[in-house]
Structures are given as structure tokens and as C-alpha cells.
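Novice: Output the structure for:
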Amino acid sequence: MIYRVLLGLLIIVAIAFGYTKVMARIASGIPPVSVEAEHQADHIYVSKDDRMMYLMQDEIVLKSYSIAMGAQWDAGPKQREGDERTPEGSYHIDWRNPRSVAHLSLHISYPDSDDRARGQENGYDPGSNIMIHGLPNGWGALGSLHRLLNWTDGCIAVTNSEMQEIWSFTPNQTPITIVSNWSPNNN
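Specialist: Model prediction:
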């Protein structure tokens, strides 16, 4: 608990001094070279309840990562812009940003047509720009401490070194399934 309080205070102080705005201008990082196609992931699974992400190939776990998500990750799937929820459903990685405000980012194809239709039916914007990303630029030294809080606006966050690895193992169009509870043993 004390770590969460200290981390929260550190973030508040940094924001107060404009550190985040300055650091957002710094380049995200040089993207790594992709691994050979035969070693790349063919699917990503995210288990929200376990706060885990799995890179899979032929139903075998290549890599697994402990993650941070949207601050309201446990309130159900993302519904609207600003709800701080992480989406649930089947999507894919549709583009990547090497100059992101966080250390590298892979865009998840949320919202899909169902998400947009649900938003339109209920009169709200479903949101967008859901990414898998590292830490905000300039915050890499936090490393795994960032996982003490679910701090994103709905994205999936990992450490910078993990993001380097994920970037290299995950080609565009890789399917990603985000669910409340998933285990590689259930697959």
C-alpha cells in the first residue's frame, strides 16, 4: 500500500511541474528488428483478471507478461471515451507507432464495428487509440513498479524492455483476444 501512495505522489509532483509534457516530446525509442517469421507470435491473449498477456504461436506460449491496464479495468469492457476501461473482445494489431508518447506502441483495432454500433445506439463515443505500450517517455526507470497501479486510460502497459520484445515478436495483423479470464491451459 505504501508503494502505491509513494508512486501516486511521485506522479502528482511530476505532473505539477510539467515533466510529462516535456518528456512526451522525446522520441519513443528505436524500434527493435523483428524476429524471423517462424518465431513470431500468431496470437495474443490478454487475461484481465490475472493481469497477464500471452504471446502465442501454434497454441504454445512464447512469452508472458504481467501488465497494467485501464484504471477501471475490472468494471467490464470499454464502453465509451474516457471510462478508463480496457476493451474485451477479438481485435488485431493494425499499426505501430515508433514515435509514441509511451515507449513504442502497437495499436489494437478497437473500436470494431460492433463497438461503434453499440456506442451510436447508446449515444456516446466508444473511444479509440487503445494500445499495447511501454512506459511514458522519461519514466522507464519505474520498470515493473508501474504495475502497482492500473494507470492507463484503457491501454495495456508493460515495461520498456518488455515492449521492445513484444514489438519484435508481434507483426501487424496479429489477432488479439482480450477477455476477463483466460489461461493457456484452457486453450
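
Novice: doesn't residue 99 make contact with residue 133?
Specialist: No: look at residue 133 against residue 99 with Cβ atoms under 8 Å: they stay out of range, at 12.0 Å. C-beta coordinates here come from the backbone N, C-alpha and C atoms, glycine included.

Novice: ok, which stretches of the protein are strands?
Specialist: 43-47, 52-57, 60-66, 89-97, 105-108, 131-133, 156-157, 175-179 (DSSP state E).

Novice: Quick one: closest of those strands to residue 118.
Specialist: strand 89-97 (10.8 Å; Cβ to Cβ).

Novice: So what touches the closest one?
Specialist: Here strand 89-97 makes contact (Cβ atoms under 8 Å, 6 or more residues apart in numbering) with 28, 31, 44, 77, 104-110, 112, 114-115, 131-132, 167, 170-178.

Novice: residue contacts, the spatially closest residue to residue 62 that is not a sequence neighbour?
Specialist: Excluding its sequence neighbours, the residue lying closest to residue 62 (Cβ to Cβ, 6 or more residues apart in numbering) is residue 55, at 4.5 Å. Listed by Cβ under 8 Å, 6+ apart, the contact partners of residue 55 are 41, 44, 61, 62, 63, 64, 166, 169, 170.

Novice: ok, the fifth one to residue 73 distance?
Specialist: Residue 63 is 21 Å from residue 73, where distance means Cβ to Cβ, to the nearest Å.

Novice: Could you check which of those two has the larger neighbour count?
Specialist: The neighbour comparison of residue 63 against residue 73 (other Cβ atoms under 10 Å) goes to residue 73, with 23 against 16.

Novice: From start to finish, how long is stretch 61-70 in a straight line?
Specialist: 24 Å (Cα to Cα, to the nearest Å).

Novice: Name the residues contacting each of residue 133 and residue 99.
Specialist: Common neighbours of residue 133 and residue 99, using Cβ under 8 Å, 6+ apart, do not exist here.

Novice: which of these two has more neighbours?
Specialist: residue 133 (25 against 12).

Novice: and the more buried one, what does it touch?
Specialist: 100, 102, 103, 104, 105, 106, 155, 156, 157, 158, 163.

Novice: For the residue nearest the centre of the chain, which non-adjacent residue is spatially closest?
Specialist: By Cα atoms, centre = their mean, the chain has its centre lying nearest to residue 156, at 1.8 Å. Leaving out its chain neighbours, the residue that sits closest to residue 156 by Cβ to Cβ, 6+ apart is residue 132, at 4.7 Å.

Novice: Return the distance of stretch 72-87 from the chain's centre.
Specialist: 13 Å (Cα atoms, centre = their mean, to the nearest Å).

Novice: Equivalent analysis for stretch 140-156, please.
Specialist: With Cα atoms, centre = their mean, you get 9 Å for stretch 140-156.

Novice: Not counting that stretch itself, show me its contacts.
Specialist: Contacts for stretch 140-156 (Cβ under 8 Å, 6+ apart): 3-4, 7-8, 11, 46, 51, 53, 66-71, 73, 78, 82-87, 102-103, 105, 108, 127, 130-135, 139, 157, 159-160, 178.
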